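Undergrad: Here is a sequence together with a model predicted from it:
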Amino acid sequence: MMDQSLMELLVDEYEGEREGDANVFHGRGKCVYKNGSIYEGEFDSGLMHGEGRFVWVNGLVYLGTFIDNTISGRGKYLFPDGSVYEGEVENGLRHGVGKFEFPDGPVYDGDWVKSCRMGKGKLTYEEGCYYEGDWKDNLRHGFGKMVYKSGCVYEGEWIHNERSGKGTCTWADQNYNGDWKQGIEDGNARITWFVPRMKGSQFHKHNQFLGRIKQGKKHGGGTLLTASGSCLKGQWMEDKKNSSFTIEFENGHVEEEIIFENDMMVKGSLSPQCFQLYIPKFEDETELAKNQLVNIILQNISLLRRVYDFYAALHPVEEKKQWNVFQLQIFQFQQLLLDIDILRLGITLCDVNNVLTGIDLKTKNEMGCTSCVYNPSSYMSLCSFFSALTSIARAAFQHEYADSEFGVALCVDKFFKKVLFPNACMLSGYPLSKPLHLDLFYRHRDEAIDTCNHLSKGKGQGIVIQHILHACERNSMLNTFFTFPLIKSMLCQVAPHLRGDFNVYYKMVFLEVFGFIVHAAVSATLHMEEEQKAFEKKYIQDLKQKRQEERERRKREAAELAAQILEEEEKLREAQKEAEEHAKHGGKKKHSAKKGGKKGSAKRAQKEDSSHAKQNSSSNGDDTNGEQARVDDDVDHEGDEEKSEPDDVEETKVKLEQEEEDNFDESKIKIPRTAIGWMASDLDKSFVNFCRTLTGQRKWLHEGNEQ
C-alpha cells in the first residue's frame, strides 16, 4: 500500500525553481526527502502539483499527476516485484479505470475502487484463458464469462469467485444450462450431449436431459430425449434410472410401467411395435395389406433416404461447412412436391396439408414440444416423411386401385416409380431452385413467414391469390413496371398449372408465396439495376455537360480578360507614343542675352551664345536619337510579346483541358442510388420492402435518393 498523502514528508534538499520572497518551491524541481524518497517534477506554492515522478525507498515508482501533495488523476505505478499499474488514481490508490499487469503474466483491465477490482473488468490469465464480467472486492461476483484453456466456456452468475446461480457451461462433448451452487451443477437444468455424426446418419438430433441435477448428477424427476426421437420420463437417482418410466418412441408408440433399478430394466418389456416404421393404417386395410405396404417401403428405403437427405441439406454453404446432417423441414418437403410436379396429379400443396392433417401429422422441436405442420420451419422425421408420402400416394391413385385388396401398397409403388424417384432431387421448382433464392430464404425467413401469416389472416389454411392481388392494389404497389399482367405471369411460374386456367381463388402455401415474393424481388431488382445504369449514364453525361459548360464559360471569361488586357496595353502604348512625341517636339530652346553694355561685349556674347547653341543642338540631337532607338527596341519587343502571347494562352488552355480530362475518373464519382417505391437495386432491400408493403407497412429500406 503506497502513502495516500505526502504532506508529512520532510525536505532534505531541493534543486529547482522558486517563487516570491519566501523562496517557495514553484515550477520544475527535484526534491530529496529525509526518508530517502525522491520527487522530480512540477511544484505549485511549495506542493507537488502537476506532472511528476516519485520514487520510494523500497523501489516503488509513480509517474503521473499530483494534486496538492497527493497522488490523484492519472498515472503509472512500477512495483518492486515487477507489477505495473496504469490508469486512474485517487489519494494514492487505484481508483477508476486502469490496467494492472501481474509479474507472473495475468493482466486485469477494468474498474477499480480503492485499489480493489470492483465493477466491470477483464482478467486475462494466459492466452485463450480469461474472465470478463462483474467484480467485487477482487473476486468474481455477479454475471461474467469464463473461458478456460481447455476450451470450456462458462457464462452466467458468480458469487464470491464461484459459479453460483443461473449459468451455461459448454464442454467439447456436452452443454449444461441450469442452476449452479458453489461451483457445481445443482438444480433444474438442461444437459445436451454432442454426438459425432457421420453423413447419412439416421440421428439428426442430440441426446438431451431436462430435469433435476444434484451435485453434478441426475437426481430426481426428468425427461431424456434421445437422438433417435424417443422420449423417456421418470426418476433418476445418483445419475441412474431408478423408478417406473414411460417411453414414447418416434413412431408414436408408447410403453408405460417400465421399471428400472440402477439403470437396468427389471420389469416390463418392449413390444415389436416400438421398432416398426410408422405407416398410417387405413380403415379398409387388412393386416396382409399393411405388411405388403411395409415391404414396399423397405425395398425402397435407400432411395427414400437419399431423397430425404438431399432436401434436408438445402441449407446455405456456411451451414453445410459446420454440419453434415440435417433434418427435413416442412418448406423443404414442399419444395420436393413442387419438383415432382404434384400439381399434375390434381393435388395442390394446400391439399397435401389437408391430407397430412387427416393423419394428424405432428412434429417435435428440440425441446419436445409439438408444432403444427403448417409452420414451414417445423421438422419432419424420417418416419413422418414415409407417412406423408404414403398418404399422398393413396390420395393420388386410390381411384385406380379401389377394388384391390392391396390398393394402398399399389398406390405407393406406382407413386414411387412413376412420380417420386424419376423427378426428385432436380430442384426444378422455382422457389429454392437457385442458391441465391435459398440464401435469401434463410436471411429473411421471418419476414416471409410474417407476411404469409398476415395474408392468411392467421388461420394457416392457405393464402388465396385474390388476397394477394388485393393487397398489391390496396397498398399502392403497382406502377408502370409492376403491373397485374406481370404479377399473373409470376404466379404462373410458381404454380405452372395456373397457366391454362388462372384461378384467383387458388390457395397457395408458404413456399409458393415465398417463390412469388422472390420472383417479384428479383424482377424488381433487375429492373432497378437497369434503371440505375440508365440513371448513372445520364448522371455522368449531365456531369460531363456541366463540366463542358464550365470549361466554355471559363474560356469565354479568359478570352474576355485577354481582350481587356490587350486593349489596356494598346492604350498604354498609345500614351507612351504621345509622351515621346511631346518630348521630341514640344520643348523650346532657351536663349539668354542681355541688352546694353558695350558693343564688343555684345558681339562676343552673341558669338559665345551661337557656339553654345550649336553644341547644345548637337548634344540634344544625340540624346533624342538614343531615346528613339530605345523606344523602337521596346516597341519591337512588345510586338514580339504580342505575337507570342496567343501561342502561350492556347498551350495553357490545352494543358488545363487535358488535366481536367485526366482528373475525370468515373469510378471515383459517388452516384446516388435510385428507388421507385418499394423497388430497389439491392435484392435484400427489394425483398424486405415487398414483404413490408404487402402487409401494409411502408418502412422501406432505401439505399439512396428516391427517383
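TA: Looks like it arrived, so ask away.

Undergrad: ok, residue 523 - contacts?
TA: Counting by Cβ atoms under 8 Å, 6 or more residues apart in numbering, residue 523 touches 486, 490. In short, each C-beta sits where N, CA and C put it, glycine included.

Undergrad: model confidence over stretch 56-69, on average?
TA: Across stretch 56-69, pLDDT averages out at 92.

Undergrad: Please save the CA atoms from that stretch in CSV.
TA: Taking C-alpha atoms only, stretch 56-69 is exported to CSV below (Å, rounded to 0.1, in the frame of the first residue of the first chain):
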residue,chain,number,x,y,z
TRP,A,56,10.0,5.5,-2.6
VAL,A,57,12.9,4.0,-0.7
ASN,A,58,11.5,0.4,-1.3
GLY,A,59,11.8,0.9,-5.1
LEU,A,60,8.2,1.7,-5.8
VAL,A,61,7.9,4.3,-8.6
TYR,A,62,5.0,6.5,-9.6
LEU,A,63,4.8,8.6,-12.7
GLY,A,64,1.8,10.8,-13.3
THR,A,65,-0.2,13.6,-11.9
PHE,A,66,-0.1,15.1,-8.4
ILE,A,67,-2.7,17.4,-6.8
ASP,A,68,-1.6,19.3,-3.6
ASN,A,69,0.9,16.7,-2.5
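
Undergrad: neighbouring contacts of it?
TA: 2, 5-7, 35-37, 41-42, 47-55, 71-80, 89.

Undergrad: among these, which ones are buried?
TA: 2, 6, 37, 41-42, 47-49, 52-55, 71-72, 75-77, 79, 89 (16 or more other Cβ atoms under 10 Å).

Undergrad: Which of these fall in strands?
TA: 41-42, 47-49, 52-55, 71-72, 75-77, 89 (DSSP state E).

Undergrad: and which of these is nearest residue 417?
TA: residue 76 (81.6 Å; Cβ to Cβ).

Undergrad: what residues are up against that closest one?
TA: Residue 76 neighbours (Cβ under 8 Å, 6+ apart): 62-64, 84-86.

Undergrad: Ok, residue 46 next?
TA: 24-26.

Undergrad: Please apply the same query to residue 239.
TA: Contacts of residue 239 (Cβ under 8 Å, 6+ apart): 217-219.

Undergrad: Next one: it from residue 427, what distance?
TA: Computed as Cβ to Cβ, to the nearest Å, the residue 239 to residue 427 distance reads 47 Å.

Undergrad: Then residue 144?
TA: Distance, residue 144 to residue 427, by Cβ to Cβ: 47 Å.

Undergrad: Identify the residue nearest residue 310 in space, chain neighbours excluded?
TA: Nearest residue to residue 310, sequence neighbours excluded (Cβ to Cβ, 6 or more residues apart in numbering): residue 425, at 4.7 Å.

Undergrad: how about a markdown table for the contacts of residue 46, with pLDDT and secondary structure added?
TA: Compiled in a markdown table, those are given as follows (pLDDT from 0 to 100; DSSP: H, G, I helix; E, B strand; the rest coil):
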| residue | pLDDT | secondary structure |
| --- | --- | --- |
| 24 | 87 | strand |
| 25 | 88 | strand |
| 26 | 87 | strand |
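
Undergrad: Of those residues, which is the nearest to residue 695?
TA: residue 26 (74.6 Å).

Undergrad: hang on, isn't the closest one packed against residue 47?
TA: No: using Cβ atoms under 8 Å as the test, residue 26 is too far from residue 47 to be in contact (9.5 Å).
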